[in-house]
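Participant: Build me a model:
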Amino acid sequence: MNQPSNATLASCREQALAAWQRGDLAAAEVAFRRLLECQPHDAEALQFLADRQWAAGNAAGAVELLQAAHRVEPQDAGVLHRLGELQMLAGAWPDAVDSLRKALQLAPGMFVAGLRLGVALERQGSRHAAMLAYLGAIDTAQAQGRWLSDDTTAPGLRDAVKHATRFVAAGRRELFDAVIEPLRQRYGRSELARVDQCLTIYLGEQAANLPDPRQRPKFLYFPGIPSRTFYPPERFPAHARLEAACDTIREELRAVLAHAADSLVPFLGAPSSAAVAAELLAASGPQEAAWDAFFFQRHGVRHDAHCLRCPRTSALLDALPLVRIREHAPETLYSVLRPGTHILPHRGVTNTRLVTHLPLIVPPDCALRVGGETHVWQEGRCVTFDDTFEHEAWNHSDRDRVVLILDSWNPDLSEAERAAVADLVAAIGDFNRASQLTAPPPTQA
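Facilitator: You can find the predicted model right below:
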């Protein structure tokens, strides 16, 4: 059998597209069918004819044609999205979920596909998965300036987007309430009243009403506790053990610094460290700004090799009542601020935990400023501050400045509140990871 010439195929396609463009769908269908007879695996013809079959009431035929188009173009997310849409309209919810998930794997930015996936999952009764799909779609759309209001939402999608927003809000409330409920049963509801208000603020159901305009947490605000920049040392009696062991800690630090090239890493991390550093660090002299770290624990993960290299420091840290939240805290490290480096003003994530520095090596002309109040480090004297106030630090000397950094619970939280915050933050992290959202990372000075 003779194969059709390229000219014949091109002519069929040209006729089909011309008819389609002028709105003559019947003529376009005839031309596309002729093209498909000559070239049975033409994805464009298959998709057009699928839509014509759907318009004619032949749902099964339409789905079959789109499935054929998918086999021809397995990496075409648009084909899978349209297939999922038609499967939804046909009530084939499991098939629609499969098609839409595959489409989003190929093109995560297709927020309408994410919205439709949420609908399909909800119709299947998969409420948690639907909530994650809806949230992912909303987050992706809003990152592109869409779905922020009726004006930025296509009219045909407005009701669905509003439903998705309400569904996510209700689902998150239900999820996080369930996390706190066992602690309510254990300690009593009144003991966790401030935690309930904290959750209400986090979910956007109530304004934070911060008592000090200088304070602005990036992630989680806990109400009803005093707002202050620096905290008196008597609120942290356990820190006296660190101060008493300052010489021992400094001795282990010097061993680390002797092999700095093999030991230290940029505090701001890689591979994005260069871009982040450009926003957060500035140089006051000819030397490039640099902020390095030797982590004992980061985001709650223990660096065993580092702890073995500094066993006495590690043992002291292990014995302290640090903030401990799965995959979030504690964060303990030697923080090395290089000569001429200025950590520019920034804010931390939550007032439930405070930042403590044990200064180990402090040259002249180094300082920390929190909420406009300047503190000059004194070697061997701990300083604790709330980093949700705008803060900055600088080293204008020609030598390294080094402090030991650790997380401390805000002393104005009760035992029950600390337990609830730990569980809640871990659950929020799990939820954000599952929905591919990113909570603001903690930043120390």
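Participant: Quick one: neighbours of the residue nearest to residue 367 when sequence neighbours are not counted, just the number.
Facilitator: Using Cβ to Cβ, 6 or more residues apart in numbering and skipping residues adjacent in sequence, the residue nearest residue 367 is residue 376, 4.9 Å away. Any C-beta I mention is one placed from the backbone N, CA and C, and that applies to glycine too. Residues near residue 376, counting by other Cβ atoms under 10 Å, number 12.
Participant: for residue 376, what are its contacts?
Facilitator: 366-368 (Cβ atoms under 8 Å, 6 or more residues apart in numbering).
Participant: want to try JSON lines for the residues you listed, with secondary structure, neighbour count and pLDDT as columns?
Facilitator: Below are the contacts of residue 376 laid out as JSON lines (DSSP: H, G, I helix; E, B strand; the rest coil; neighbours: other Cβ atoms under 10 Å; pLDDT from 0 to 100):
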{"residue": "366", "secondary structure": "strand", "neighbour count": "22", "pLDDT": "97"}
{"residue": "367", "secondary structure": "strand", "neighbour count": "15", "pLDDT": "98"}
{"residue": "368", "secondary structure": "strand", "neighbour count": "22", "pLDDT": "98"}
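Participant: can you put those residues in a markdown table and add distance to residue 30?
Facilitator: Output for the contacts of residue 376, formatted as a markdown table (distance: Cβ to Cβ, whole Å):
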| residue | distance to residue 30 |
| --- | --- |
| 366 | 80 |
| 367 | 80 |
| 368 | 77 |
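Participant: what's the closest of those to residue 188?
Facilitator: Set against residue 188, the nearest of the contacts of residue 376 by Cβ to Cβ is residue 368 (39.3 Å).
Participant: Poorly predicted segments of the stretch 101-250 of the chain, please.
Facilitator: Counting by pLDDT under 70, the stretch 101-250 of the chain shows no low-confidence range.
Participant: And the helices in it?
Facilitator: 111-124, 127-143, 158-187, 193-202, 239-244, 246-257 (DSSP state H, counting those that start in this stretch).
Participant: now the first one and helix 158-187, what's the angle there?
Facilitator: Computed with axes from the mean of the first three to the mean of the last three Cα atoms, to 10 degrees, the direction of helix 111-124 lies at 60 degrees from that of helix 158-187.
Participant: Now residue 362. Nearest residue, chain neighbours left out?
Facilitator: residue 377 (4.5 Å).
Participant: meant to ask about residue 239, not that
Facilitator: Residue 239 sits nearest to residue 382 (Cβ to Cβ, 6+ apart), 4.4 Å away.
Participant: give me the number of residues near the one you found?
Facilitator: Other residues close to residue 382 by other Cβ under 10 Å number 23.
Participant: Verify the contact between it and residue 354 for me.
Facilitator: No: using Cβ atoms under 8 Å as the test, residue 382 is too far from residue 354 to be in contact (11.1 Å).
Participant: hang on, the earlier thing: okay if I get the helices of the stretch 101-250 of the chain as TSV plus mean neighbour count and distance to residue 86?
Facilitator: Shown next, in TSV, are these (neighbours: other Cβ atoms under 10 Å; distance: least, Cβ to Cβ, whole Å):
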stretch	mean neighbour count	distance to residue 86
helix 111-124	23	11
helix 127-143	21	18
helix 158-187	16	17
helix 193-202	20	39
helix 239-244	15	64
helix 246-257	16	62
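Participant: Make a markdown table out of the ones you listed and add distance to residue 409.
Facilitator: Listed next are these as a markdown table, based on distance: least, Cβ to Cβ, whole Å:
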| stretch | distance to residue 409 |
| --- | --- |
| helix 111-124 | 38 |
| helix 127-143 | 30 |
| helix 158-187 | 16 |
| helix 193-202 | 14 |
| helix 239-244 | 12 |
| helix 246-257 | 21 |
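Participant: Which one, of those, ends up nearest to residue 350?
Facilitator: helix 193-202 (9.4 Å).
Participant: quick one: the closest one to helix 158-187, angle?
Facilitator: Using the same axes, to 10 degrees: helix 193-202 against helix 158-187 is 170 degrees.
Participant: show me where this protein has strands.
Facilitator: Remark: strands assigned in the chain by DSSP state E are 230-231, 265-266, 281-283, 291-298, 301-302, 332-337, 341-346, 353-361, 366-370, 373-375, 383-385, 391-395, 401-409.
Participant: Out of those strands, the one nearest residue 50 is which?
Facilitator: The closest of the strands of the chain to residue 50 is strand 301-302. By Cβ to Cβ, the value is 49.7 Å.
Participant: Work out the sheet partners of that closest one and label each with its direction, please.
Facilitator: Sheet partners assigned to strand 301-302 using DSSP bridges are listed as strand 291-298 (antiparallel).
Participant: Residue 358 - how many residues pack around it?
Facilitator: Neighbour tally, residue 358, other Cβ under 10 Å: 25.
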